[in-house]
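Asks: Sequence and predicted model, in that order:
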Amino acid sequence: MKNLQHKYYESYNDNSHLLPGLDISWLKKLREEGIDQFKKDGFPDKSVEEWNNHSYKNLTDNYFKPHSDSKFEINSNLIEKRDSKCSIRVIFFNGKIINIESDSLPEGVEVNSLTYFLKNNSDFLKDKISSPKEYSEERLSNIIDSRPQSIVAVNAAFHQEGAVIHIKKNVKMPGYIELLHIGKYNKNTMQHMRSVVFLEEGSECEVLENIVNDTENDLAFTSNVTDINVSKGASLSFHCFIKGSSNNIHINNIHGEIHKDSQFNSTTIVKALGQVRAENRINLLAENSSTKIDMLLLGSKDALLEGLTKVKHAKNNSTSNQNTRVILNENSKASFQGKIRVNKEADGTLANMSCKSLLLSNKARVNSKPELEILADDVKCSHGVTIGNLSLEQLFYLRSRGIPEKEARKLLVNSFGNIILDDLNINFIGRAKNIMLEYFND
Amino acid sequence: MGTALEIKDLHVEVENNKILKGLSLKIEHGEMAAIMGPNGAGKSTLASVLAGKEGYNVTRGTIEYLGKDLLEMSTEDRASAGVFLAFQYPVEIPGVATSTFVRTALNAQRRNRGEEELDAMEFLKLARQRAKELEMSEDFFQRAVNVGFSGGEKKRAEVFQMSMLSPSLAILDETDSGLDIDALKIVAEGVNKLRDDKLSGIVITHYQRLLDYLQPDTVHILAEGKIIKTGDKSLALKLEEKGYQGITEAN
């Protein structure tokens, strides 16, 4: 692996002039810190607890060069007609912005690509893209382990594009924003996106990030890291729908800093055939902040899925609710790692976490690991994990009413996933249901 | 009248335990037959075997329903052919609305019989009408199947499903268990409203009270895996008086 680390390092040195924003000193520093950290740590191996559920063999055994121009063209069927409730849609293909479609937006809403902001308003982004080491977890031992953040380090070094959403003070964004990422990558290439969502005080916004990987048989490595900042009294819903192809390795990271009296809700739906890891690291930094993190992981064939949530309650009276559902078929495997950390200063915390997994085949496997780390005295925390098959009693009940077995199974699997979908805003339910439908057809 | 269901010499094992040991029973069209018997006699096993539940091994005997070999049919085909089991413990299905469930079932049965499916409006109209007949509130259409239902609501929901699916053989497996007197009366009245000369019924119960409302045509005593005595309503009264042991010994 040392060789491989060196190869990425060389590649960074050879190609850094092609990366955007190298004339901006803070960004240059961020990139260099990223590549230095990666050179030191490499990809996480099994000794890193957060990464020891599955093998990342495809990632660690291959070298991925930074993606340049694709030999492929975009499949226009993947771009559906813009929904009437979608006020602005930004479309990326292979990490390049190809279109922004927009209704007239109220003043105080800025949505554009990362490169646009770097060119026109780079000062705004300063301090809003964090260095990977800032994401390292606080541990009881006070030892800081940077290794779990390797992918964020690679992303910091190599990111080429991303989306930036800035909602100014007290502005309520009408409709929702969609970020559509379509990818069809050349063989053994990597593509890293870095996005920023910044809500000023009292603002409100809803975002759907739609990631579709259309790569067929070629191996590719992609990451999306999103830095989210929800200021005092603001409210953000950030949903992420990921459809991965069979040979794709996709790592999705959401880092949220949630301030006083503010709210952050997120639903991540992953339908994977390849390897997808979705991380949500949410810091409830101040009083009365709240978050709701839902995930639905759908795996079939040889998919490897991972869902990771880390919620930190830093101050008094904050609330978090996590609800994950995992559905696995054929040879697919998944893991869920969920952690609630309650700091000493965070009395009055309310935190719930639940993860239920449904295994539809004998070969499907799931690991679920809930963790609570509570340093305060006056808190209410709960966690629950279940793993099971379809209930034969339920199946018989449906069949005894005349519903054929196949349809009955589908109804039960759907109902299991619906617990997550039912909480979605009506604008997104249709699309989420389509992902479930596609899952049945995979 | 003609025979709706004929069970001959039925032997059933569950996990190698012999439960039914030569049960024979014949039910005419429009007949309401009550089956009573001590705990462990095999009453619920009979209900499960008729509905086609897995795990019940029929080692001998035949079941003919409307001239067809019932044992050869899948659970869902039996339902389409008119067999309806009202469960002793109706199953909860979180995340599926009752109306979605019943509509899926009704249309699956219709499709299976080569009939046209009902669209959402037609279905709703029928469901409202049936709910009204059974004096049920429509609120439960949107509630998840049996989730959070009280004992009485669950049993009424079973009767509602039965009325929507219009079976020709209804098997009521201890429909009276867990019901208070008022709920029992409402459920029994619901069943009575559905009775006609095409609907045959098997009412499995421990108690005379349900039979007071349902007025069965025949009463059968099931003990140790077979029908040991058959009679009319008066048999149930006699049973109430003498208990199973009295009847068995007299036999």
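Replies: Yep, that arrived. In this text, all values refer to a predicted model and were calculated from it rather than measured experimentally.

Asks: Chain A contacts on the stretch 151-251 of chain B?
Replies: B:161, B:165 (Cβ under 8 Å from any Cβ of the partner chain). No exception for glycine: its C-beta is placed from N, CA and C like everyone else's.

Asks: how about the helices in the stretch 151-251 of chain B?
Replies: In the stretch 151-251 of chain B, the segments counted as helices under DSSP state H, counting those that start in this stretch are B:151-165, B:181-194, B:208-214, B:233-250.

Asks: again with the stretch 101-250 of chain A
Replies: A:114-120, A:122-125, A:150-158.

Asks: Adding distance to chain B, mean pLDDT and mean neighbour count, write these out as JSON lines.
Replies: Output for these, formatted as JSON lines (distance: least, Cβ to the nearest Cβ, whole Å; pLDDT from 0 to 100; neighbours: other Cβ atoms under 10 Å in any protein chain shown):
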{"stretch": "helix A:114-120", "distance to chain B": "39", "mean pLDDT": "96", "mean neighbour count": "17"}
{"stretch": "helix A:122-125", "distance to chain B": "42", "mean pLDDT": "94", "mean neighbour count": "15"}
{"stretch": "helix A:150-158", "distance to chain B": "34", "mean pLDDT": "95", "mean neighbour count": "25"}
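
Asks: Compare those helices and report which one is nearest to residue B:224.
Replies: Residue B:224 lies closest, by Cβ to Cβ, to one member of these: helix A:150-158, at 67.9 Å.

Asks: hang on, the earlier thing: of the helices of the stretch 101-250 of chain A, which approaches residue A:390 most closely?
Replies: Here helix A:150-158 is closest among the helices of the stretch 101-250 of chain A (Cβ to Cβ), at 34.6 Å.

Asks: middle-most residue in chain B, spatially?
Replies: The C-alpha lying nearest the average C-alpha coordinate of chain B belongs to residue B:171 (Cα atoms, centre = their mean; 1.6 Å).

Asks: ok, that one - contacts?
Replies: Contact analysis of residue B:171 by Cβ atoms under 8 Å, 6 or more residues apart in numbering or on different chains lists B:47, B:50-51, B:83-86, B:201-202, B:204.

Asks: Which members of those residues occur in strands, if any?
Replies: B:83-86, B:201-202, B:204 (DSSP state E).

Asks: Tell me the one among the residues you listed nearest to residue A:369.
Replies: Distance to residue A:369, by Cβ to Cβ, is smallest for residue B:85 among the ones in strands among the contacts of residue B:171, at 41.3 Å.

Asks: How about that closest one: what's its closest non-neighbour residue?
Replies: Of all residues beyond its chain neighbours, the one nearest residue B:85 is residue B:51 (4.0 Å), with distances taken as Cβ to Cβ, 6 or more residues apart in numbering or on different chains.

Asks: How about stretch A:130-139, which residues are buried there?
Replies: Buried residues in stretch A:130-139, counted by 16 or more other Cβ atoms under 10 Å in any protein chain shown: A:130-132, A:135.

Asks: same check, this time on stretch B:125-140
Replies: Residues B:126-127, B:130-131, B:134, B:136, B:140 are the ones in stretch B:125-140 that count as buried (16+ other Cβ under 10 Å).

Asks: Report the two of those residues separated the most.
Replies: Farthest-apart pair in these is B:126 and B:140; separation 15.4 Å (Cβ to Cβ).

Asks: Could you pull up the residues touching the closest residue to chain B within the stretch 201-350 of chain A?
Replies: With Cβ to the nearest Cβ as the measure, residue A:325 is the residue of the stretch 201-350 of chain A nearest to chain B, at 10.0 Å. Residues counted as contacts of residue A:325 (Cβ under 8 Å, 6+ apart) are A:295-297, A:355-358, A:416-417, A:419-420.

Asks: Now with 10 Å, please.
Replies: Contacts for residue A:325 (Cβ atoms under 10 Å, 6 or more residues apart in numbering or on different chains) come out as A:269, A:294-298, A:307, A:336, A:354-358, A:416-421.

Asks: taking those residues one by one, which sit in strands?
Replies: Per DSSP E, those map to strands at A:269, A:294-298, A:307, A:336, A:354-358.

Asks: out of the residues you listed, which is most surrounded?
Replies: residue A:297 (30 neighbours; other Cβ atoms under 10 Å in any protein chain shown).

Asks: any idea of the pLDDT on it?
Replies: We have a pLDDT of 97 for residue A:297.

Asks: I'd assumed residue A:271 was in contact with it.
Replies: Yes - with contact defined as Cβ atoms under 10 Å, residue A:297 and residue A:271 form a contacting pair (8.5 Å).

Asks: and for those two, which residues touch both?
Replies: Joint contacts of residue A:297 and residue A:271 (Cβ under 10 Å, 6+ apart) are A:242, A:303, A:305, A:327.

Asks: Please identify the helix or strand for residue A:266.
Replies: Using DSSP states H and E, residue A:266 sits within strand A:263-272.

Asks: How about that strand and chain B, any contact?
Replies: No - residues of strand A:263-272 are not located near chain B by Cβ under 10 Å from any Cβ of the partner chain, the shortest gap being 15.6 Å.

Asks: What are the buried residues along that strand?
Replies: Along strand A:263-272, these residues count as buried under the neighbour rule (16+ other Cβ under 10 Å): A:263-272.

Asks: how near is the closest residue to residue A:328 other than its chain neighbours to residue A:406?
Replies: Once flanking residues are discounted, residue A:328 sits nearest to residue A:364: 3.7 Å by Cβ to Cβ, 6+ apart. According to Cβ to Cβ, to the nearest Å, residue A:364 stands 18 Å off from residue A:406.

Asks: Ok, residue A:319 next?
Replies: For residue A:319, the distance to residue A:406 equals 41 Å [Cβ to Cβ].

Asks: Show the backbone phi and psi for residue 40.
Replies: Because you didn't say which chain, this covers chain A. phi -70, psi -50 (degrees, to the nearest 10).

Asks: Return the residues in contact with it.
Replies: Residues near residue A:40 by Cβ under 10 Å, 6+ apart: A:5, A:146-147, A:150, A:153.

Asks: which two in those residues are spaced the farthest apart?
Replies: Using Cβ to Cβ, the pair of the contacts of residue A:40 lying farthest apart is A:5 and A:146, separated by 13.8 Å.

Asks: joint contacts of these two?
Replies: With Cβ under 10 Å, 6+ apart as the test, residue A:5 and residue A:146 both reach A:38, A:40-41.

Asks: coming back round to it: looking at the residue nearest to the centre of chain B now. What's its pLDDT?
Replies: Looking at residue B:171, its pLDDT reads 96.

Asks: now it: how far from residue B:150?
Replies: To residue B:150, residue B:171 is 23 Å away according to Cβ to Cβ.

Asks: Helices of the stretch 1-150 of chain B, start to end?
Replies: Assigned by DSSP H, counting those that start in this stretch, the stretch 1-150 of chain B shows helices spanning B:43-51, B:75-80, B:98-112, B:120-133.

Asks: Can I get the last one as CSV, trimmed to CA atoms?
Replies: Extracted C-alpha coordinates of helix B:120-133, given in CSV (Å, rounded to 0.1, in the frame of the first residue of the first chain):
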residue,chain,number,x,y,z
ALA,B,120,-59.4,3.1,-6.6
MET,B,121,-62.9,4.8,-6.8
GLU,B,122,-64.8,1.6,-7.3
PHE,B,123,-62.9,0.0,-4.4
LEU,B,124,-63.5,3.0,-2.1
LYS,B,125,-67.2,3.0,-2.8
LEU,B,126,-67.5,-0.7,-2.0
ALA,B,127,-65.3,-0.4,1.1
ARG,B,128,-67.4,2.5,2.4
GLN,B,129,-70.6,0.6,1.8
ARG,B,130,-69.3,-2.4,3.6
ALA,B,131,-67.9,-0.4,6.5
LYS,B,132,-71.3,1.3,6.9
GLU,B,133,-73.1,-2.1,6.9
